[in-house]
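Trainee: Take a look and give me a structure for this.
(2 chains)
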Amino acid sequence: MMTGLGLVSGAWAQTTVSSGHVDIFGVGYIAPNTLELLIHEEDTMLELEPADTVLQVNPGGFVLRPAGAAFDFLGASGTSLWILPQSEIESANRGVIFAGVGTEEIDPIDWGAGTPITITLLSVVSAPVGGNFFLWSEDEFGNPTQVMNSTNLATYDSLTQGIGLHEHYNWGFTAEGIYEIEFQATGTPENGSPLSATQTYTFSTVPEPSTYALLGLTAGALALMRWRRRSRQS
Amino acid sequence: MKRVLTILAAASLLAPAGLRAQTNTAVLVSSTAGTPIPAVGPGYVVVTSGHVDINVSYNPTNQAFSLGFRNDDNGFQFAGTNAVAYAVTNQRTTVPVGSQWSFLGPEGGTFWSFPNGLTSAQNKKSLYLGWSGYGISNGIFTGTGGGRFNLRVHSIENLTTPGSGDFYGYEVSGGSPVFRLSSSNAYANDFSLPAGGHSHVSLAFTAPGMFRVWLVASGTLVATGETIESEPLPLYFGIEQWEIPAGPSTYAAWQPTKFSAGQIADPLVSGKAADPDADSFDNLEEYAFGGNPLVPDALLLQPRLQVSGSNRTFTLRGRTNATDLTFSVEATASLPPATANWATNAVTPAGTPRPIVGQPGLAEMDYQLTGLGLQGFGRVKVTTP
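Mentor: Numbers count the residues shown, from 1 in each chain, chains lettered A, B, ... in the order given. Predicted coordinates for the structure are as follows:
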């Protein structure tokens, strides 16, 4: 797991998470009437506030859209994708977050025979040009089933998961940049009222490796220029 | 040539002891609505769960790995020898088109799938079956994060239809399987997992029946750089079969369940007279009394003699499914060779053998020793061709 602190807008520190096993949707329940939607780091057992966290898709997550008509929902053949894979091993090989959805923080004794938890994509607050978001699962042969699709929210806007469970999906983004996406968790405990928690998540897709190397070179040149300027001033 | 061994139990040496606790064998089934629940018989109990992990533990004190099924709904763990991961008929899956799937059988054929995703598992009414290392503390083994350990398939037995079927654990990348576990030598068989973490891969069995899959766990110690490897550890997977059958057994059939191929080739390790764990029970005795030849377990294997009033009960733990063993219990009133009179006429079988749960083919058997006076001794003689 790699976590870093960076300054954003000069106003407050944000935590950037870019690898390791992370439940992006970590749903908790504080009886009797508080539902929580947080980011749960499995490796450290830390709970992170989505508003203070950047979930980064590292360059290793860059792929071209998988072949086959079953993946046409992701865009035309050859579409660029930044993915967080469903598979832990592939996530580790790519050096990206192994992104999960966990309802284990809800104590079944507290929740009782309540409803499952539903997580709904309410809106894409901001995204880069051409940036779409997808969440899909793959079966034992790699065949996809859509779960969320920012281009077709009328059909694919939510997932439902029982209490005390843990699931993994494929997360996909179609352009480099920053995505702010608003999600809402809802559910009703036994003998309780409907509860909800709404959070805006920030995802950052890092440029594909070749572009990334070029930017690195540019940054190196800039650093060199700054050093030279300071040298002249001293 | 016949080989005869004797194990002695003396009344004067035994502390009173009750029988080992017996519990039902858990048949683990998905709690998804609509899952067909098997009607299990005596000695078994159905446990439904939304998420079960095959959990690996490591005890640093004795450097021992262990395997079990962990019900993630409540954290309860079942010993690997006392639970069955059950596959329902809904898990029958058709082998798809494409040569990359030929390991599952001929195109259009049937295999049984435990999918790696919760959604797919629920669709199939399959147990959502993962892998975890919750019983391994961070920092013990080398590797990224808190350290990693490995699993591999040592061997597989189909106890219902011997020789039938294979077992695979795989992921899919780019439309093709990437093997993590395989009972076939044709595919990769080295599954790396995080200590303290968990993972999911798709599991497949290519035939129905009760499978006993033997896994080996290993890890490299941070402290010394030494690689620790477990003995083969069993797990039961019941593919449309909830009962663990006790098929006939021979010494030759038992060997591969305890020894690696290399060890089998070395009679000083796996021969009948060898005692690789130096617990004074040689391999034939380990086989006869249901022991582990690589772990000192003499206390488990020794017969017991209990005195209650005028009753002297000799209790033997032994193999009931062996076709190459004969057990004979004898008693004598005096131990010194000059006066000992070992005979079977003072021994009477009492009751019926009690199967040892989770260890098919093994049972405890009671015998009453009679007419011995104030002092008595019992022994068991095992004869093999």
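Trainee: next one: stretch B:116-136 to chain centre, how far?
Mentor: 22 Å (CA atoms, centre = their mean, to the nearest Å).
Trainee: again, but for stretch B:129-142
Mentor: For stretch B:129-142, the distance to the chain centre is 21 Å (CA atoms, centre = their mean).
Trainee: Just the CA atoms of it, as CSV, please.
Mentor: Coordinates of each C-alpha in stretch B:129-142 appear next as CSV, following Å, rounded to 0.1, in the frame of the first residue of the first chain:
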residue,chain,number,x,y,z
LEU,B,129,-15.1,-19.2,-1.5
GLY,B,130,-11.9,-17.2,-1.0
TRP,B,131,-8.4,-17.6,0.3
SER,B,132,-7.0,-15.9,3.3
GLY,B,133,-3.9,-15.7,5.5
TYR,B,134,-5.7,-14.3,8.6
GLY,B,135,-3.8,-16.7,10.8
ILE,B,136,-0.4,-15.4,9.7
SER,B,137,1.0,-12.3,11.5
ASN,B,138,2.6,-9.5,9.6
GLY,B,139,6.4,-9.5,9.5
ILE,B,140,7.0,-13.2,9.8
PHE,B,141,7.6,-14.0,6.1
THR,B,142,9.4,-12.1,3.5
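Trainee: So for it, mean pLDDT?
Mentor: What stretch B:129-142 shows for mean pLDDT is 94.
Trainee: How about it, which residues are buried there?
Mentor: Buried positions in stretch B:129-142, judged by neighbour count with 16 or more other CB atoms under 10 Å in any protein chain shown: B:129-136, B:140-142. Heads up, the C-betas are built off the backbone N, CA and C, glycines and all.
Trainee: what about the helices in the chain?
Mentor: No chain in the question, so chain A it is. According to DSSP state H, chain A carries its helices in the segments A:88-94, A:108-111, A:209-233.
Trainee: look at chain B instead
Mentor: B:118-123, B:251-258, B:261-264, B:267-270, B:283-289, B:298-301.
Trainee: Buried residues, the second one. List them.
Mentor: Residues of helix B:251-258 classed as buried: B:251, B:253-256, B:258 (neighbour count, 16+ other CB under 10 Å).
Trainee: The third one now?
Mentor: When burial is assessed from 16+ other CB under 10 Å, helix B:261-264 yields the following buried residues: B:Q263.
Trainee: can you list the helices of chain B in a markdown table and add distance to A:N191 and mean pLDDT?
Mentor: Listed next are these as a markdown table, based on distance: least, CB to CB, whole Å; pLDDT from 0 to 100:
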| stretch | distance to A:N191 | mean pLDDT |
| --- | --- | --- |
| helix B:118-123 | 26 | 91 |
| helix B:251-258 | 52 | 86 |
| helix B:261-264 | 60 | 88 |
| helix B:267-270 | 62 | 96 |
| helix B:283-289 | 55 | 94 |
| helix B:298-301 | 50 | 90 |
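Trainee: Need those in JSON lines (columns: distance to chain A).
Mentor: As requested, these are exported to JSON lines (distance: least, CB to the nearest CB, whole Å):
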{"stretch": "helix B:118-123", "distance to chain A": "4"}
{"stretch": "helix B:251-258", "distance to chain A": "29"}
{"stretch": "helix B:261-264", "distance to chain A": "27"}
{"stretch": "helix B:267-270", "distance to chain A": "34"}
{"stretch": "helix B:283-289", "distance to chain A": "37"}
{"stretch": "helix B:298-301", "distance to chain A": "37"}
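Trainee: where does the stretch 1-150 of chain B come near chain A, residue by residue?
Mentor: Neighbours of chain A within the stretch 1-150 of chain B, by CB under 8 Å from any CB of the partner chain: B:50-51, B:72-74, B:93, B:96, B:101, B:113, B:115-120, B:128, B:130, B:144-146.
Trainee: There's contact between A:R94 and A:L81 in this structure, I believe.
Mentor: No: applying CB atoms under 8 Å, one finds A:R94 not in contact with A:L81, separated by 11.9 Å.
Trainee: and stretch B:337-352, average pLDDT?
Mentor: 85.
Trainee: contact partners of that stretch?
Mentor: Applying CB atoms under 8 Å, 6 or more residues apart in numbering or on different chains, the contact partners of stretch B:337-352 are B:313-314, B:328-334, B:365-372, B:377-379.
Trainee: Can you go through those and name the buried ones?
Mentor: B:313-314, B:329-333, B:365-369, B:372, B:377-379.
Trainee: Quick check: the two most widely separated of these?
Mentor: B:A333 and B:M365 (22.1 Å; CB to CB).
Trainee: Give me the buried positions along stretch B:146-166.
Mentor: Quick answer for stretch B:146-166 (16+ other CB under 10 Å): B:146-160, B:165-166.
Trainee: thinking again about what came up before, tell me which of the buried residues of stretch B:129-142 is nearest to chain A?
Mentor: Nearest to chain A, judged by CB to the nearest CB, of the buried residues of stretch B:129-142 is B:G130 at 8.0 Å.
Trainee: wait, isn't that closest one in contact with B:G50?
Mentor: No: at 11.4 Å, B:G130 does not count as touching B:G50 under the criterion of CB under 8 Å.
Trainee: contacting residues around the closest residue to B:P96 other than its chain neighbours?
Mentor: Spatially, and ignoring its direct neighbours in sequence, B:P96 is nearest to A:F141 (5.6 Å; CB to CB, 6 or more residues apart in numbering or on different chains). Contacts for A:F141 were tallied using CB under 8 Å, 6+ apart; they are B:96, B:101, B:172.
Trainee: if I pick the residue nearest to the last one when sequence neighbours are not counted, what's in contact with it?
Mentor: Right, the one you point to is B:V172. Leaving aside its chain neighbours, B:V172 sits nearest to A:G142 (3.7 Å; criterion: CB to CB, 6+ apart). A:G142 is in contact with A:66, B:172-176, counting by CB under 8 Å, 6+ apart.
Trainee: Can you add pLDDT and neighbour count and give the residues you listed back as JSON lines?
Mentor: What follows is the contacts of A:G142, written out as JSON lines (pLDDT from 0 to 100; neighbours: other CB atoms under 10 Å in any protein chain shown):
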{"residue": "A:P66", "pLDDT": "89", "neighbour count": "20"}
{"residue": "B:V172", "pLDDT": "89", "neighbour count": "21"}
{"residue": "B:S173", "pLDDT": "82", "neighbour count": "15"}
{"residue": "B:G174", "pLDDT": "78", "neighbour count": "11"}
{"residue": "B:G175", "pLDDT": "84", "neighbour count": "16"}
{"residue": "B:S176", "pLDDT": "90", "neighbour count": "14"}
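Trainee: Would you reformat these as JSON lines and include distance to B:R212?
Mentor: As requested, those are exported to JSON lines (distance: CB to CB, whole Å):
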{"residue": "A:P66", "distance to B:R212": "37"}
{"residue": "B:V172", "distance to B:R212": "27"}
{"residue": "B:S173", "distance to B:R212": "30"}
{"residue": "B:G174", "distance to B:R212": "33"}
{"residue": "B:G175", "distance to B:R212": "32"}
{"residue": "B:S176", "distance to B:R212": "29"}
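Trainee: B:P293: what's it in contact with?
Mentor: B:258-259, B:270, B:274-277, B:283, B:286-287.
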